[in-house]
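> Give me coordinates for this.
(2 chains)
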Amino acid sequence: MRAISPLCFSVSAFRRLSSHAAARVDNHRQCITGPTNHTSHLHTEKTEPLISLIKSTSSKPHLLQIHAHLIRNSLFQHPVFFSPFLFGIALPPLHDLGYACRVFSKFSKPDVFQYSIMIRAYGMSDSPGNGFMLYQEMLRSGVSPNSLTSSFVTNCCIKSGSLFGGLQIHARILRDGHQSDGRLLTTLMDFYSSNEKYTQACKVFDEMPHRDTIAWNVLISVYMRNQRTRDALAVFDMMQSSYDSQPDNVTCLMLLQACANLNALAFGERVHRYCEEHGFDKAMNICNALITMYSRCGCLEKAFEVFKGMTEKDVVSWTAMISGLASNGYGRDAIEAFREMQRAGVSPDDQTFTGVLSACSHSGLLDEGRMFFNSMSKEFGISPNIHHYGCVVDLMGRAGMVDEAYNLINSMKVKPDATIWRTLLGACRIHHQADLGVQVIERLIELKAQEAGDYVLLLNIYSSLGDWGKVINVRKMMKDRGIKTNPACSTIEFRGKIHEFVANDFSHPQKTEIYEMLDEINQQLRIAGYNAETVAELHNVGTEEKQIALSYHSEKLAIAFAVLSTPPGTSIRVAKDLRICVDCHNFAKILSAVYSREVVIRDRNRFHHFREGRCSCNDYW
DNA sequence: GTAGGGTTAG
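Here you go, the predicted structure:
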């Protein structure tokens, strides 16, 4: 007996089925060309099997055969068959937009469903802008959009970055009275958020009649994109007290990221407990986010605990652990973890090498760093990217090889970015290389990327050389170019709230106590041998004035607040947006001994752990 | 007589 392929079987099956339907349609030729509201003439019991055959196929050749048969039997133009056919060919998994366009253009009078499918298909393609054009064509031909059409076309505007299109759609949504559709409004929030119209995005949220978990999650992502990370955390409480929606795994994932950014350890632990209570802590992505959160909060023990507890570890888990060890100053352990990862049979990728190389640069492991940099491409076939180069430049720069680092940047295959020049500028500052520093500033200017911080580094170089004439020049240059310095900001978490401190800040409600406490601490530290390190301070002023200027750096205010507010022995965790200065480093080191407090300061992505008068990093940079 | 929204874990 001859074997019949499943495809042949299906085709013969629908041939049988379609002959009944065809007989019906033939009697009503107007169905084919005219308005297509004659579905009732087709017997449901005859058409349904054929429709479900069209719907169930996910093979393109099969769908094309069905197409041919529909044409032969004059059934194709009937929406009963055309709609599911278009659906199958236009959307994934087949998603043949070219084919879908051709058949769509042959269709005499598409309805709102068919337009919607095509708009959705455009939204998923490389030409989302065409989705909006089709939407306009649809309006011109008198077909009214429903809330799904609006949702699809809004998505097209998000993808194509069309602000104007989205605004038009929003106006139409209001006109048509679709403003109570939660899903549509969620897409609209996403639209405003992706166009940086955060106020508008929040307004849409406020006006929603019901907010489900996804709507709340979009609100969190709005806050996070808008650098309002603290507000993102506040959403967690609001969700838990709302009666109709609770945080889910996506909420937790985003909040853990927010905690990592804010150094909000206590809040992160709360989210962790919530994950455990709801069984999210078994998921790999949550565990990986937890590792990062704990590492970025300087709490490596907890990060390692999560890591150890994972039944399965992927490259992301290993990389998170390696990077965590690296940024916390445990370079050798990071390298050991890398070897362990290979023994476990997990292949490293480019980000793993970023972690390994940063481990070398943070711990000053020059030879190891070079070795990994070379083996990365030779053994693992991973070509170096800007981050890898950045680590090596940092490594060489710190080791005093500033000229070699400069040559390496010039020899790179990738275009140097502002960050890599800034890294070199930092090295120039450490090794007092004023001439190269000036050259680097010029490169930053070429990139139109120079920031106040870059000029401050240059100022640091000149002032440490005692070249006050040049200091005045740079200050004048900054003034002429309109460069304004933003004061550094330190944050500290206390009882679930984030407290912000800016140098010489007088806005905190407990300011008087904080300043008094800082004076008291300074007196105690001086007894223990602390002397304000004034060499790096910018102004050409007397020593006493310098000491006053240094006294109220933001991290010192934060530390004074912690000493004031927490019981003796509690660890003090500070996050700072700029680099910690030599003096504050010294201050924290001596304080850790005098007050018997562990102090953890995170500046940018680097940690300084102070315990019993020692710091985890060898020198303060 | 169908169809939709959030996450890019390091």
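
> How about the stretch 201-350 of chain A: which residue is closest to DNA strand B?
Closest residue of the stretch 201-350 of chain A to DNA strand B, C-beta to the nearest atom of the strand: residue A:285 (2.4 Å). No exception for glycine: its C-beta is placed from N, CA and C like everyone else's.

> Show me the strands in chain A, by range?
A:489-494, A:497-502, A:572-576, A:599-603, A:606-611, A:614-615 (DSSP state E).

> tell me which helix or strand of chain A sits lowest on mean pLDDT?
Lowest on mean pLDDT, DSSP states H and E among the helices and strands of chain A sits helix A:30-33, with a mean of 34.

> quick one, which of the strands of chain A is nearest to residue A:73?
Shortest distance between residue A:73 and the strands of chain A, using C-beta to C-beta, is found for strand A:497-502: 68.6 Å.

> Pretty sure residue A:425 sits against residue A:453.
No: contact criterion C-beta atoms under 8 Å: residue A:425 and residue A:453 do not qualify, at 9.1 Å.

> Just want to know which of those two has more residues nearby.
Counted by other C-beta atoms under 10 Å, residue A:425 and residue A:453 do not tie: residue A:425 has more neighbours, with 28 against 18.

> and that one, what is it in contact with?
Counting by C-beta atoms under 8 Å, 6 or more residues apart in numbering, residue A:425 touches A:437, A:440, A:441, A:444, A:454, A:457, A:458.

> and which of those is nearest residue A:171?
When these are compared against residue A:171 (criterion: C-beta to C-beta), the nearest one is residue A:444, at 43.4 Å.

> Quick check: pLDDT value at the closest one.
Looking at residue A:444, its pLDDT stands at 85.

> how about the nearest residue to it, chain neighbours excluded?
residue A:450 (4.2 Å; C-beta to C-beta, 6 or more residues apart in numbering).

> do residue A:92 as well
Residue A:92 sits nearest to residue A:124 (C-beta to C-beta, 6+ apart), 7.0 Å away.

> tell me the phi and psi of the one you found?
Phi and psi for residue A:124, reported as degrees, to the nearest 10, are phi -90, psi 0.

> which bits of the stretch 51-200 of chain A sit near DNA strand B?
A:79-80, A:83-84, A:87, A:111-113, A:116-117, A:120, A:146-152, A:155, A:181-184, A:186-187, A:190 (C-beta under 7 Å from any atom of the strand).

> Going through those residues, which ones are buried?
Buried members of those, scored by 16 or more other C-beta atoms under 10 Å, are A:79-80, A:83-84, A:87, A:111, A:113, A:116-117, A:120, A:147-152, A:155, A:181, A:184, A:186-187, A:190.

> What about the residues you listed, which are in helices?
A:79-80, A:83-84, A:87, A:113, A:116-117, A:120, A:147-152, A:155, A:184, A:186-187, A:190 (DSSP state H).

> for the nearest residue to residue A:309 once chain neighbours are set aside, what are its contacts?
Distances taken as C-beta to C-beta, 6+ apart place residue A:287 nearest to residue A:309, at 7.7 Å, with adjacent residues excluded. Contact analysis of residue A:287 by C-beta under 8 Å, 6+ apart lists A:281, A:306, A:307, A:309, A:310, A:317.

> For residue A:223, give its distance to residue A:358.
Distance, residue A:223 to residue A:358, using C-beta to C-beta, to the nearest Å: 29 Å.

> ugh, typo on my part, it should be residue A:455
Taken as C-beta to C-beta, the span from residue A:455 to residue A:358 is 26 Å.

> Kindly report the same for residue A:232.
Relative to residue A:358, and taking C-beta to C-beta, residue A:232 is found at 27 Å.

> Comparing residue A:455 and residue A:358, which residue is more hemmed in?
residue A:358 (25 against 20).

> Let me know whether the more buried one touches residue A:327 as I believe.
Yes: Residue A:358 is within contact range of residue A:327, at 7.0 Å (criterion: C-beta under 8 Å).

> what residue ranges in the stretch 501-621 of chain A score low on pLDDT?
A:533-549, A:605, A:617-621 (pLDDT under 70).

> all helices for it, in order.
Using DSSP state H, counting those that start in this stretch, the helices of the stretch 501-621 of chain A run over A:511-527, A:543-551, A:554-565, A:582-594.

> so what does the longest one touch, helix or strand wise?
Looking back up the chat, that one is helix A:511-527. Contact partners of helix A:511-527 among helices and strands, from 3 or more C-beta pairs under 8 Å, 6 or more residues apart in numbering; DSSP states H and E: helix A:554-565, helix A:582-594.

> List the buried residues for the longest one?
For helix A:582-594, burial by neighbour count (16+ other C-beta under 10 Å) applies to A:582, A:583, A:584, A:585, A:586, A:587, A:588, A:589, A:590, A:591, A:592.

> dump the residue contacts of the residue nearest to residue A:444.
Residue A:450 touches A:418, A:441, A:444, A:481, A:483, counting by C-beta under 8 Å, 6+ apart.

> Name only those of those residues that count as buried.
With burial judged by 16+ other C-beta under 10 Å, the buried subset of the contacts of residue A:450 is A:418, A:441, A:444, A:483.

> hmm, back to that, pick out the most distant pair among the contacts of residue A:450.
A:418 and A:481 (15.7 Å).

> which of the contacts of residue A:425 tops the neighbour count?
Going by other C-beta under 10 Å, residue A:440 tops the contacts of residue A:425 with 27 neighbours.

> So for that one, what's the pLDDT?
pLDDT, read off for residue A:440, is 89.

> Look up the closest residue to it, ignoring the ones flanking it.
Spatially, and ignoring its direct neighbours in sequence, residue A:440 is nearest to residue A:425 (4.7 Å; C-beta to C-beta, 6+ apart).

> what's the first-to-last distance across stretch A:72-86?
17 Å (C-alpha to C-alpha, to the nearest Å).

> Can you point out the buried residues in that stretch?
Quick answer for stretch A:72-86 (16+ other C-beta under 10 Å): A:73, A:75-86.

> try stretch A:189-199
Quick answer for stretch A:189-199 (16+ other C-beta under 10 Å): A:189, A:190, A:191, A:192, A:193, A:194, A:195, A:197, A:198.

> same deal with stretch A:473-483?
Under 16+ other C-beta under 10 Å, the buried positions of stretch A:473-483 are A:474, A:475, A:478, A:483.

> I'd like those as JSON lines, with distance to residue A:299 appended.
Below are these laid out as JSON lines (distance: C-beta to C-beta, whole Å):
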{"residue": "A:474", "distance to residue A:299": "40"}
{"residue": "A:475", "distance to residue A:299": "41"}
{"residue": "A:478", "distance to residue A:299": "39"}
{"residue": "A:483", "distance to residue A:299": "37"}
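
> export those residues to a markdown table and tack on distance to DNA strand B?
Conversion of these to a markdown table gives the following (distance: C-beta to the nearest atom of the strand, whole Å):
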| residue | distance to DNA strand B |
| --- | --- |
| A:474 | 36 |
| A:475 | 38 |
| A:478 | 34 |
| A:483 | 32 |
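
> Contact partners for the nearest residue to residue A:320 once chain neighbours are set aside?
What sits nearest to residue A:320 in space, not counting adjacent residues and going by C-beta to C-beta, 6+ apart, is residue A:291, at 4.2 Å. The contact partners of residue A:291, by C-beta under 8 Å, 6+ apart, come to A:303, A:306, A:307, A:317, A:320, A:321, A:324.
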